[in-house]
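Engineer: Below is the sequence, then the predicted model.
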Amino acid sequence: MKKITCFISIVFIGFNLLFAQKGLLPEHLSEIKMVNEVSVSDNGNYVAYTLIIPKSIEDGIGTRYSELHVFDIVKNENISLKKGEVNISSLSWMPDNDKICFRQNTDETNGNQVFSLDISSGEITQLTDFERTVNSYQFINSDELLFVARQTISDEREALNEKGIDIKIFEEELLHIELYRYNIQEQTSEIIIKDITVYDFEISPDGTKIALAVSEKNLIDYYYMFQRIHIIDLKTGEIIKIFDNPGKLGKMAWCPDSKKLAFISASDLYDSVCGSLFILDPKDKEQSFSDLKNLVEGLELSVIDIAWEDSENILYAAEESVDIGLTRLNINDMSRETVLAGGKIVYSRFFKSDENIFFAGNTWQYPNELIQYDLKNKKINKLTDHNSWLAEIELSKQEKITYFARDGKDIDGVLVYPLDYKEGEKYPLIVYIHGGPEACVKNGWQSHYSRWGQFASSKGFFVFSPNYRASSGRGVDFTMVGFGDLLGVEYDDVLDGIDYLIETGMVDKNKVGIGGGSYGGYFAAYSATKHTDRFAASVVFVGIANQVSKRKITDIPYEDYYVHWGFWTHENHDKVWNASPVKYAHKSKTPTLILHGEEDPRIPVSQGLELYRALKLHGKAPVRFVLYPGEGHGNAKNINRYDYLLRTLEWFEYYLITNPGSKEMPDKYIDYNIN
């Protein structure tokens, strides 16, 4: 084991007022820090967390850093453990001591390896020295751990590489992610599961069993659709149970007595949302998925995280419309108790320790900070304030709204008001459409590089984010409305929300823009073509232009088939073509900005090119196509994120405020205001 010294600095959370102005500006994007991963020590005295720090463009082109911090609950102080240009991930604690563990890639390691850091001394120890990158890991005890790692390339492939032959055989050179047992003291490894891909695993509390989420191929499509639960004996590696769970699979969690395994999954093969809750018996080899009860069946929610309190009670966090709620469920009598009601704070994972719940949480007023929820006093405590400068920024009003679609169904969304809103006046509107569509917008922090939120508000826009049918957060029936009916009822829900805002007198019907990424970009493309009379500007980010061609080139064709369409294109070509924006490109009168990552595997860049060509050749409005080299399905580099935010806001401002109806375009080169 390698020993490294570490300097620990104590930081008392206070206010550091960097700005004093009205409204959030794009320049603030690089100042927004977010708490990400959270892990609580066994004794509950420490909470480790990672802090995402955007890399400043002035410091060079890059992505972001992930620092390691620990909050001392007893002393009520923040301890900065690893700061600066580091990327820390996969937090956990060594059993029965105060050593925080994490993964890090250094100049001396073979990719990411597991390290421990002693809170009291600051000493860092490298625990694994494996020949390849270590992915997720868990401790068996203080001397051993399990981890997964990708296979080595074949000897035949290696020989070709050495000769400079870099020809690739598509989807035939896949490398499995295999499970290893590792002895920390001896620095030796033993393969436990091979020649199959292990995406996730959980060791039972009694240390006798492992629950595995495995698939036959290491493909993103298989990750989405074909993970199956296997239970194996930790000592012998013998398979105890192979479970027939269909469709999407989420988190697994062992009961404290190791007799039950809870898991989050889709309700069936065709359900796009991994938001239902089930419990299986690992010893019952005859038990099948059809024997299980969906513990949240009929409820308007989608489960996102689970944790057992004891052998009878399980806690689950769930999307509930635009909110997150935390509930205690007694699995014997099925009684439920609200632990933390929705509408107070937004989070995705939680950790219970005695009388406290910890998580990375946000509201519309601040991005993710470390949050403590005191179960006894029913009080939310914000333990960190890494964005104290926001106290000096005037933010505009944000709220949940509910309206009724044309068929009478209630639809929820989030509305951000213009910063200087005055009742009785009409304002331009940006409609933000979330991706998926199996996702939902929460009433929390809505200002990111790809979500305009307060950035647009400061320029005088309303920003409306509807959770249309097909979204998560409202139960299975709500989601399944969109199955096989892309851009049907789900799209009507959006139009009805826009009409609702126009009818209130707050929005100018001639100044409505729309935009989003992925499925949101698909909506925006459809709006700029089929429904061009409704929209004065459109922003299409990594969006779908032609469903007929896209279905053949995406990296998730089975996911697309099983949970969205339910049929192949050749079985109903007209329906697929009718749901393709390029079909209506000749009608377009909407200025459209198309942006796409050149390396996007999900919705390949050819989709952006198809839309551009169709609009350029046959449309009647300005169109621009922006390519981001090296980016995939979304932007990672700081300059590309900043460009996207600046460029899209400028597009909306140009066509909705300063130059409505113009046949010209804003300057193709924007002012980044950087040295």
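Structural biologist: That came through, no problem. It should be emphasised that the depicted structure is a prediction, and the values quoted were computed from it without experimental measurement.

Engineer: Next up, the contacts around K511.
Structural biologist: The contact partners of K511, by Cβ atoms under 8 Å, 6 or more residues apart in numbering, come to 427-429, 536, 656-657, 660. No exception for glycine: its C-beta is placed from N, CA and C like everyone else's.

Engineer: wait, D323 sits on V441?
Structural biologist: No - the criterion here is Cβ atoms under 8 Å, and D323 misses it with V441 at 10.9 Å.

Engineer: Mark which of the contacts of K511 are part of strands, please.
Structural biologist: Secondary structure from DSSP state E places 427-429 of the contacts of K511 in strands.

Engineer: now K589: how far from V273?
Structural biologist: Note on K589: its distance to V273, by Cβ to Cβ, to the nearest Å, is 36 Å.

Engineer: Who has more neighbours out of the two?
Structural biologist: Taking other Cβ atoms under 10 Å, K589 and V273 do not tie; V273 has more neighbours (31 against 14).

Engineer: I'd guessed that one sits against D477; true?
Structural biologist: No - look at V273 against D477 with Cβ under 8 Å: they stay out of range, at 11.1 Å.

Engineer: Give me the buried entries from the contacts of K511.
Structural biologist: Neighbour counting by 16 or more other Cβ atoms under 10 Å classes 427-429, 536, 656 among those as buried.

Engineer: Between these, which sits nearest E309?
Structural biologist: Comparing the buried ones among the contacts of K511 against E309 with Cβ to Cβ places L429 closest, at 44.7 Å.

Engineer: Next up, the contacts around the residue nearest to D323 when sequence neighbours are not counted.
Structural biologist: Nearest in space to D323, with sequence neighbours left out and distances taken as Cβ to Cβ, 6 or more residues apart in numbering, is G342 at 3.0 Å. The contact partners of G342, by Cβ under 8 Å, 6+ apart, come to 320-321, 323-325.

Engineer: Dihedrals phi and psi, G342?
Structural biologist: The phi/psi pair for G342 (degrees, to the nearest 10) reads phi -70, psi 160.

Engineer: From A317, how far off is it?
Structural biologist: Where A317 is concerned, G342 sits at a distance of 10 Å (Cβ to Cβ).

Engineer: Now for these two: what residues contact both?
Structural biologist: Shared contacts of G342 and A317, counting by Cβ under 8 Å, 6+ apart, come down to 324-325.

Engineer: what residues are up against P418?
Structural biologist: By Cβ under 8 Å, 6+ apart, the contact set of P418 is 396, 427, 457, 460-462.

Engineer: Which pLDDT value goes with the residue nearest to D323?
Structural biologist: At G342, the model reports a pLDDT of 96.

Engineer: Spell out the residue ranges of the helices in the chain.
Structural biologist: Under the criterion DSSP state H, the chain carries helices at the ranges 155-162, 220-225, 453-457, 476-480, 489-503, 519-529, 547-553, 557-560, 573-578, 606-618, 638-653.

Engineer: Give me the distance between G634 and Y449.
Structural biologist: Applying Cβ to Cβ to G634 and Y449 gives a distance of 9 Å.

Engineer: now do I100
Structural biologist: Taking Cβ to Cβ, one finds I100 at 30 Å from Y449.

Engineer: Have a look at these two and say which one is more surrounded.
Structural biologist: In this view I100 and Y449 are compared by other Cβ under 10 Å, and I100 has more residues nearby, 28 against 22.

Engineer: Excluding chain neighbours, give the residue nearest to the more buried one in space.
Structural biologist: In space, I100 is closest to A48, 4.6 Å off (Cβ to Cβ, 6+ apart).

Engineer: who's in contact with the one you found?
Structural biologist: By Cβ under 8 Å, 6+ apart, the contact set of A48 is 38-41, 68-70, 91, 93, 100, 102.

Engineer: So, low pLDDT: which residues of the chain?
Structural biologist: Flagging of the chain using pLDDT under 70 yields the residue ranges 1-20.

Engineer: How many residues are close by D244?
Structural biologist: 11.

Engineer: For it, give me its contacts.
Structural biologist: Contacts of D244 (Cβ under 8 Å, 6+ apart): 228, 288-289.

Engineer: Mind doing that once more with 10 Å?
Structural biologist: Contacts for D244 (Cβ atoms under 10 Å, 6 or more residues apart in numbering) come out as 228-229, 287-291.

Engineer: Among the contacts of A48, name the ones in strands.
Structural biologist: 38-40, 68-70, 91, 93, 100, 102.

Engineer: Which residues are in contact with each of D323 and V441?
Structural biologist: 400, 412, 473.

Engineer: circling back: and the ones in strands among the contacts of A48, which is closest to A579?
Structural biologist: Closest to A579 out of the ones in strands among the contacts of A48 is V38 (40.5 Å), distances taken as Cβ to Cβ.

Engineer: what about the residue nearest to that closest one when sequence neighbours are not counted, distance to V70?
Structural biologist: Using Cβ to Cβ, 6+ apart and skipping the chain neighbours, the partner closest in space to V38 is Y49 (4.8 Å). Y49 is 8 Å from V70, where distance means Cβ to Cβ.

Engineer: S538 too?
Structural biologist: Remark: distance between S538 and V70 (Cβ to Cβ) = 46 Å.

Engineer: okay, these two: which has more neighbours?
Structural biologist: In terms of neighbours (other Cβ under 10 Å), S538 is the more surrounded of S538 and V70; the figures are 34 against 23.

Engineer: Can you show me the strands along the stretch 201-350 of the chain?
Structural biologist: Per DSSP state E, counting those that start in this stretch, the stretch 201-350 of the chain carries strands over the ranges 209-215, 228-233, 239-242, 249-254, 261-265, 276-280, 302-308, 313-320, 323-330, 336-340.

Engineer: wait, which of the ones you listed is closest to S56?
Structural biologist: strand 323-330 (31.4 Å).

Engineer: counting contacts, what elements does that closest one pack onto?
Structural biologist: The contact analysis (3 or more Cβ pairs under 10 Å, 6 or more residues apart in numbering; DSSP states H and E) places strand 323-330 against strand 302-308, strand 313-320, strand 336-340, strand 356-363.

Engineer: a markdown table for these, including distance to L501 and mean neighbour count?
Structural biologist: Below are the helices and strands packed on strand 323-330 laid out as a markdown table (distance: least, Cβ to Cβ, whole Å; neighbours: other Cβ atoms under 10 Å):
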| stretch | distance to L501 | mean neighbour count |
| --- | --- | --- |
| strand 302-308 | 26 | 22 |
| strand 313-320 | 23 | 22 |
| strand 336-340 | 31 | 15 |
| strand 356-363 | 23 | 23 |
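
Engineer: For Y561, find the nearest of those strands.
Structural biologist: Of all the helices and strands packed on strand 323-330, strand 302-308 sits nearest to Y561, with 21.7 Å by Cβ to Cβ.

Engineer: Off-centre distance for that closest one?
Structural biologist: With Cα atoms, centre = their mean, to the nearest Å as the basis, strand 302-308 stands 16 Å off its chain's centre.

Engineer: T363 touches S447, doesn't it?
Structural biologist: No - using Cβ atoms under 10 Å as the test, T363 is too far from S447 to be in contact (11.9 Å).

Engineer: Quick check: neighbours shared by the two?
Structural biologist: Q398.

Engineer: Let me see the contact set for the residue lying closest to Y449 once chain neighbours are set aside.
Structural biologist: Counting by Cβ to Cβ, 6+ apart, the nearest residue to Y449 once its immediate chain neighbours are dropped is R641, at 3.8 Å. For R641, the residues meeting the contact criterion (Cβ under 10 Å, 6+ apart) are 29-30, 54, 57, 63-64, 448-450, 628, 631, 634-635.

Engineer: ok, so of those, who is nearest Y417?
Structural biologist: Y417 lies nearest to H448 out of the contacts of R641, by Cβ to Cβ, at 18.4 Å.

Engineer: Would you agree that closest one is in contact with L24?
Structural biologist: No - with contact defined as Cβ under 10 Å, H448 does not reach L24; the gap is 11.2 Å.

Engineer: neighbour-wise, which of the two wins?
Structural biologist: Taking other Cβ under 10 Å, H448 and L24 do not tie; L24 has more neighbours (24 against 15).

Engineer: From V431, how far out is that one?
Structural biologist: 19 Å.

Engineer: which one is D195 nearest to, not counting chain neighbours?
Structural biologist: Using Cβ to Cβ, 6+ apart, the closest residue to D195 is H176 (6.1 Å).
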